[in-house]
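Q: Need the 3D shape of this:
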Amino acid sequence: MDPRALKATSVTTAEAGDADVPEPKALQITAASSNPKMFTLPWEKPLATWPKELLANLPRGISRHVVRFVHVGDEIYAMKEITSRVAAHEYELLRRLQKLELPTVTPIAVVTGRHTREGEPLESILVTKQLKFSLPYRALFAGNLRPDTADRLIDALAVLMVRLHLSGFYWGDVSLSNVLFLRDADAFSAFLVDAETGALYTTLTDGQRNYDMDLARTNIIGELMDLSSGKLLPDEVDEVEVGDRLIERYESLWGALTDEEDFGPDEMWKIEKRVNKLNDLGFDVDELEVKTAADGKRVLVRPRVVDAGYASRKLLRLTGLDVQENQARRLLNDLDAYRASTWRDGEELEIVATDWMREVFEPVVRMIPKEYRSKIEPAQFFHEVLQNRWFMAEKAGHDVSTAVAASDYIKHNLPDYNIDSKALAEINADADSGVVDDSSTYDEAADGSNDEENGDVADTVGSDNDDVDSIGRGDYSALGDGLGNLGATQTTSNDLNLETDSDVPEDIWPTQPDPATVAIRNANSKLAKDNAPGTDSAKKDADATANGADKAEDSDDDGYDPAEYDQDAAVWSH
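A: Next up is the predicted model:
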């Protein structure tokens, strides 16, 4: 395993899962940040009852756990209330993935040893940094987006899955709900936001990759059907076709990055062609394996080390701008156009880039109104202004200045980045509808404060609500008959085979089992079996992975009672 990942953190799942290690009796914060405001937060209160003045009203994705955005000094952190073992596992994984420079949220801290003023234990909290300008998928569909938005999100998720799998990360719970999206020129970039069920290996087997992708396909089809039932998805979108597109895009990109190509000794130019193709896909090739075939008549070439971010690294080197890949391509194209229009092709590109920043880029982004500076990235604003300039020039039949195009864009297009308060309230109500944590989290606060003092908690969390999705996150196994061939038939979890000796600890699964998620794992197990060689050892460990949620123990709960679970609202009702 990459040594960067091995030395990522002092927090390890083994320590957190050791039965001999008791829960801390006093508050304990292990943090990757020195923000002193962390120590002033009301850790003695359930997260759902924290004061409104601390909270940032941002759209949240659907989660099994209580999640809140909290102002901590000048920064905004995402807080998730989970068990200490899961918190330690996820914090450790996110730290490792960050060291590997993969697109994930940034872990800030894990907080254990929480107790109310009366001494009652509270769940631990995982703290991550809010990913600026990002949105969950439901918030994107609540806006005025193009009909191809679903396809663009799927393309972004395919790139994310390839990058994670290349690094040896097995997710185990892939869905749109576990991803945040950033606008990236005309496309999107996807970031992993939930790693509870993940595990990091040296390499992944085909069985692991195929199981991950089939689970993703099933979940995403269900999530899109959920959007369709809420009239948020354009009528022309075929949910199953979008799910199939994910597999096709993933396989195409995986093949481009990993397949072996052969050609004759007089066709060595094809090596450069292969590298250029990968660069066009946004990947650097750090290492190529070139060897001759056994007959000596063919040359075999395979990329061995690839790294995403070809254009973004080039732009960063030239200008210091750290942006998404497609944004970087757009800005580099404009830089090239500026260089040509000023007759400076013979000058060093670094010098031209400095002038372009001062004369072109910075004047445009300074035009962003103050109220929108937290809603749109400067690079995205610049891209959309250039796009608007092109449309205006085409309509007028002559060139239009960038300043005029920017003013027009601010007036007519930028307001689309706003999410009205009603839509935001519905998004967050849907997010809270998926919570299956202990209902005591939503009871009256330990210090006696009521719901009126702490916000409308009872109206949106842990209660019946007309706006609650009829299908909770991951609860799509019952749709099997209506989806056609989803690539798997329901079978027992004992058939699951991940083609590896899994080192995923059983006790890192959520202590309150989600029956819908378990059903999905069972429904997809046949595909994993078909793609794995199926050794006894692999079968035994894969069964543990598939059924880990059922085997997890929670010392604070009496266990899952079907009579207590409201399937329609996807909440615990006590």
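
Q: Look up the pLDDT of A478 for me, please.
A: At A478, the model reports a pLDDT of 39.

Q: so for the helix or strand hosting I154, what's the average pLDDT?
A: I154 belongs to helix 149-166 when assigned by DSSP states H and E. For helix 149-166, mean pLDDT rounds to 90.

Q: export that helix as CSV, just CAs?
A: Extracted C-alpha coordinates of helix 149-166, given in CSV (Å, rounded to 0.1, in the frame of the first residue of the first chain):
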residue,chain,number,x,y,z
THR,A,149,-27.9,16.8,-16.0
ALA,A,150,-28.4,13.2,-15.0
ASP,A,151,-26.0,12.0,-17.7
ARG,A,152,-23.4,14.6,-16.7
LEU,A,153,-23.6,13.6,-13.0
ILE,A,154,-23.2,9.9,-14.1
ASP,A,155,-20.1,10.8,-16.1
ALA,A,156,-18.6,12.6,-13.1
LEU,A,157,-19.4,9.6,-10.9
ALA,A,158,-17.8,7.2,-13.4
VAL,A,159,-14.5,9.2,-13.3
LEU,A,160,-14.6,9.2,-9.4
MET,A,161,-15.2,5.4,-9.3
VAL,A,162,-12.2,4.8,-11.7
ARG,A,163,-9.9,7.0,-9.6
LEU,A,164,-11.0,5.3,-6.4
HIS,A,165,-10.6,1.8,-7.8
LEU,A,166,-7.2,2.5,-9.3
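
Q: Next SSE downstream of that helix?
A: strand 169-170.

Q: helices or strands next to the helix or strand where K395 lies in the packing?
A: Using DSSP H and E, K395 sits within helix 378-396. Contacts defined by 3 or more Cβ pairs under 8 Å, 6 or more residues apart in numbering; DSSP states H and E place helix 378-396 against helix 325-341, helix 362-365, helix 402-412. To be clear about C-beta, it is placed using only N, CA and C from the backbone, and glycine gets the same treatment.

Q: Could I get the average pLDDT for it?
A: 92.

Q: Tell me what angle it forms with helix 402-412.
A: 100 degrees (axes from the mean of the first three to the mean of the last three Cα atoms, to 10 degrees).

Q: re earlier: the helix holding I154: which residues count as buried?
A: 149-166 (16 or more other Cβ atoms under 10 Å).

Q: Repeat that for stretch 172-186.
A: Buried-residue list, stretch 172-186, by 16+ other Cβ under 10 Å: 172-185.

Q: Out of those residues, the closest to M38 would be?
A: Distance ranking of the buried residues of stretch 172-186 against M38, using Cβ to Cβ, places L180 first at 22.2 Å.

Q: Next one: that closest one from V240, what distance?
A: Distance from L180 to V240, counting by Cβ to Cβ, to the nearest Å: 25 Å.

Q: Give me the below-cutoff pLDDT ranges for the stretch 201-350 of the chain.
A: Along the stretch 201-350 of the chain, the model assigns pLDDT under 70 to residues 268, 282, 284-288, 290, 295-308.

Q: mind running it again at 90?
A: Residues of the stretch 201-350 of the chain meeting the criterion pLDDT under 90: 226-238, 252-253, 255-314, 316-317, 320-326, 329-330, 333, 337-338, 340-342, 344-349.

Q: Strands along that one, start to end?
A: 261-263, 283-292, 299-308 (DSSP state E, counting those that start in this stretch).

Q: on that earlier part again, what angle sits between the helix holding K395 and helix 325-341?
A: Using the same axes, to 10 degrees: helix 378-396 against helix 325-341 is 60 degrees.

Q: and helix 378-396, which residues are buried?
A: Buried, per 16+ other Cβ under 10 Å, within helix 378-396: 378-389, 392.

Q: Same check on stretch 325-342?
A: 325-332, 334-335, 338-339.

Q: okay, those in TSV with distance to R96 next?
A: Converted to TSV, these look like this (distance: Cβ to Cβ, whole Å):
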residue	distance to R96
E325	23
N326	27
Q327	27
A328	26
R329	29
R330	32
L331	31
L332	31
D334	37
L335	35
Y338	40
R339	41
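
Q: quick one on the thing from earlier: which other residues reach the helix holding K395?
A: 133, 183-186, 321, 323-324, 327-328, 330-331, 334, 361, 364-365, 368, 399-402, 404-406, 408-409, 413-414 (Cβ atoms under 8 Å, 6 or more residues apart in numbering).

Q: Repeat the analysis, applying 6 Å as the threshold.
A: 183, 185, 323, 327, 330, 364-365, 368, 399-400, 402, 405-406, 409 (Cβ atoms under 6 Å, 6 or more residues apart in numbering).

Q: filter those to the buried ones?
A: Here, 16+ other Cβ under 10 Å leaves 183, 185, 323, 327, 330, 364-365, 368, 400, 402, 405-406, 409 buried among the contacts of helix 378-396.

Q: In these, find the pair that's most separated.
A: V323 and V400 (24.3 Å).

Q: returning to that earlier point: a markdown table please, covering the helices and strands packed on helix 378-396 and showing distance to R245.
A: Shown next, in a markdown table, are the helices and strands packed on helix 378-396 (distance: least, Cβ to Cβ, whole Å):
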| stretch | distance to R245 |
| --- | --- |
| helix 325-341 | 18 |
| helix 362-365 | 34 |
| helix 402-412 | 31 |
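
Q: out of those, which comes closest to G255?
A: Between the helices and strands packed on helix 378-396, helix 325-341 lies closest to G255; by Cβ to Cβ that is 19.7 Å.
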